[in-house]
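**Student:** no FASTA, just this:
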């Protein structure tokens, strides 16, 4: 176990601050749970997707998409698990659909737990370091900012200093670096390329897709019809999420009449494929995540049309194919009066599970609790562990590192999904990544 106690870590990921900021800025559907306890219960309304279909037209000479006018087709989707009782009563849920596996956090790691590779953590001063799980030694990233990112193959780490963008291997040997001149932010796009931006066009970031090892660069536009420029969008810094082939883009769409949507755009035909209407807070849901093959993306949003006065959260995990086929993965609104989630969700390396934070309103823990959706069985398991931030998957998709709020100070714990064990890894730290051992 690693401990960094030279400075008490102040609160992190304060949901109340984010929530109050959203309310102050006038985001629709923003309300504290205790202020709406007596609100009328909404009826269950099936989500609606508006799909735009058009005859492909020649791609314009400019790389700025042009808006097309086309007929709409409304698709009504049935949930996989229909409600069995009135909405005012919480129905009994089959454990095949949703189960509790409440874990107690051990203060020591069991000797039979095998930790493979190296972990990347932030200490109490928010300085990133690599921790070797076998030698129990730490190696700091010199002058690195707190935000670091691991490549999807778990072999390299990307970080920034005041003056440089750096890629290092698992032993912190620098394998590439360049001046930060012209780069405001950089992150991994895939194992070989970085997505960077520095300048802006029409108040939106000018994105550069670059291969740091070959020097190849490609400009990607972030200007699309109806894209929202609201500063309250909880989609990170880029606003537009390209698929691995750069032929599809997901972005927040605003029609100017207080209706918010998530739009899917085809960059080859320069046309909109589908638009998913969202409700409540946050207005456009949380940042989408593409599967590595580009066949679909997942995101968290509220797609339940509600009656006037319904200010409750109805968050769901959703999946949309590259052709615009829409699926609700969780259907929490069928069983719970309110379900709150946040943007801290991660797809497992084998892309069969999603780890996320949720509050189902059943009082099994304080705040948001760790849960995992198994996409092979459609089963959600709630581990009753309160926390925040991004869950970090082990390279073999069997373990998680998470930031828990249940200790005296914020701490990193390990959750072993196979052995159903939770144990303290490092006090007053925050997990950032998990790398393969050389």
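**Tutor:** Perfect, I can see it now. All of these numbers come straight from a predicted model, not from anything done at the bench. Numbering: from 1, shown residues only.

**Student:** after the longest strand anywhere in the chain, next one along is what?
**Tutor:** In the chain, with assignment by DSSP state E, the single longest strand is strand 379-393. Going down the chain from strand 379-393, the next helix or strand is strand 399-404, by DSSP states H and E.

**Student:** the bottom helix or strand of the protein by mean pLDDT?
**Tutor:** strand 72-76 (a mean of 28; mean pLDDT, DSSP states H and E).

**Student:** What's the first helix or strand after that strand?
**Tutor:** Note on strand 72-76: by DSSP H and E, the next helix or strand toward the C-terminus is strand 98-100.

**Student:** helices and strands around that next one, which ones?
**Tutor:** With contacts defined as 3 or more Cβ pairs under 8 Å, 6 or more residues apart in numbering; DSSP states H and E, strand 98-100 has these neighbours: strand 379-393. Where you see a C-beta, it was placed from the backbone N, CA and C, and this is true even at glycine.

**Student:** got the angle for the longest strand of the chain vs strand 399-404?
**Tutor:** Here strand 379-393 runs at an angle of 80 degrees relative to strand 399-404 (axes from the mean of the first three to the mean of the last three Cα atoms, to 10 degrees).

**Student:** what's strand 379-393 packed up against?
**Tutor:** Counting contacts by 3+ Cβ pairs under 8 Å, 6+ apart, strand 379-393 packs against strand 98-100, strand 346-347, strand 353-359, strand 369-374, strand 399-404, strand 411-416, strand 430-435.

**Student:** Okay, now the unreliable bits of the stretch 201-350 of the chain?
**Tutor:** 232 (pLDDT under 70).

**Student:** which residues of the chain fall in helices?
**Tutor:** 15-24 (DSSP state H).

**Student:** ok now do residue 192, which residues does it touch?
**Tutor:** The contact partners of residue 192, taken as Cβ atoms under 8 Å, 6 or more residues apart in numbering, are 211, 213.

**Student:** what does residue 247 give?
**Tutor:** By Cβ under 8 Å, 6+ apart, the neighbours of residue 247 are 266, 267, 268, 294, 322.

**Student:** Nearest approach to residue 197 belongs to which of the helices and strands packed on strand 379-393?
**Tutor:** strand 430-435 (21.5 Å; Cβ to Cβ).

**Student:** ok and that closest one relative to strand 399-404, angle-wise?
**Tutor:** 170 degrees.

**Student:** Strand 430-435 packs against which elements?
**Tutor:** Judged by 3+ Cβ pairs under 8 Å, 6+ apart, strand 430-435 is in contact with strand 118-122, strand 149-150, strand 379-393, strand 399-404.

**Student:** Other residues contacting that strand?
**Tutor:** If you take Cβ under 8 Å, 6+ apart as the criterion, strand 430-435 is touched by 12, 117-122, 126, 128, 130, 148-150, 154-155, 157, 170, 389-390, 392-395, 401-403, 410, 412, 425.

**Student:** What's the local residue count around the closest residue to residue 178 other than its chain neighbours?
**Tutor:** With sequence-adjacent residues excluded and distances taken as Cβ to Cβ, 6 or more residues apart in numbering, residue 178 is closest to residue 165, at 5.7 Å. Counted with other Cβ atoms under 10 Å, the neighbours of residue 165 add up to 20.

**Student:** Quick check: bridge partners of residue 165?
**Tutor:** Beta bridges link residue 165 to residue 160, residue 178, judged by DSSP bridges.

**Student:** Show me the shaky parts of the stretch 1-150 of the chain.
**Tutor:** In the stretch 1-150 of the chain, residues with pLDDT under 70: 1-91.

**Student:** same thing but at 90, please
**Tutor:** Scanning the stretch 1-150 of the chain for pLDDT under 90 picks out 1-96, 111-116, 133-136, 145-147.

**Student:** Now do the same contact list for residue 414.
**Tutor:** For residue 414, the contacting residues are 109, 113, 115, 399, 400, 401, 421, 422, 423, 424, 425, by Cβ under 8 Å, 6+ apart.

**Student:** ok, the fifth one - contacts?
**Tutor:** Residue 400 sits next to 355, 370, 372, 391, 392, 393, 394, 414, 415, 417 when contact means Cβ under 8 Å, 6+ apart.

**Student:** Could you report the pLDDT at it?
**Tutor:** According to the prediction, residue 400 has pLDDT 98.

**Student:** how far away is it from residue 422?
**Tutor:** Look at residue 400 and residue 422: by Cβ to Cβ, to the nearest Å, they are 9 Å apart.

**Student:** which residues do the two both contact?
**Tutor:** In contact with both residue 400 and residue 422: 414, 415, using Cβ under 8 Å, 6+ apart.

**Student:** my guess is the residue nearest to residue 178 meets residue 177, correct?
**Tutor:** Yes: because the distance of 6.7 Å satisfies Cβ atoms under 8 Å, residue 165 is recorded as touching residue 177.

**Student:** ok, what's across the strand from residue 302?
**Tutor:** residue 315.

**Student:** dump the residue contacts of it.
**Tutor:** Taking Cβ under 8 Å, 6+ apart, one finds 29, 278, 279, 280, 281, 285, 313, 314, 315, 316 in contact with residue 302.

**Student:** neighbours around the fifth one, how many?
**Tutor:** For residue 281, the tally of surrounding residues (other Cβ under 10 Å) stands at 22.

**Student:** ok, it touching residue 313?
**Tutor:** Yes: Residue 281 is within contact range of residue 313, at 7.4 Å (criterion: Cβ under 8 Å).

**Student:** picking up where we left off before, could you point out which of the helices and strands packed on strand 379-393 sits nearest residue 338?
**Tutor:** Within the helices and strands packed on strand 379-393, the stretch nearest residue 338 is strand 353-359; the backing value is 8.0 Å (Cβ to Cβ).

**Student:** Partner strands of that closest one, with direction?
**Tutor:** Assessed with DSSP bridges, strand 353-359 is paired to strand 340-341 (antiparallel), strand 346-347 (antiparallel), strand 369-374 (antiparallel).
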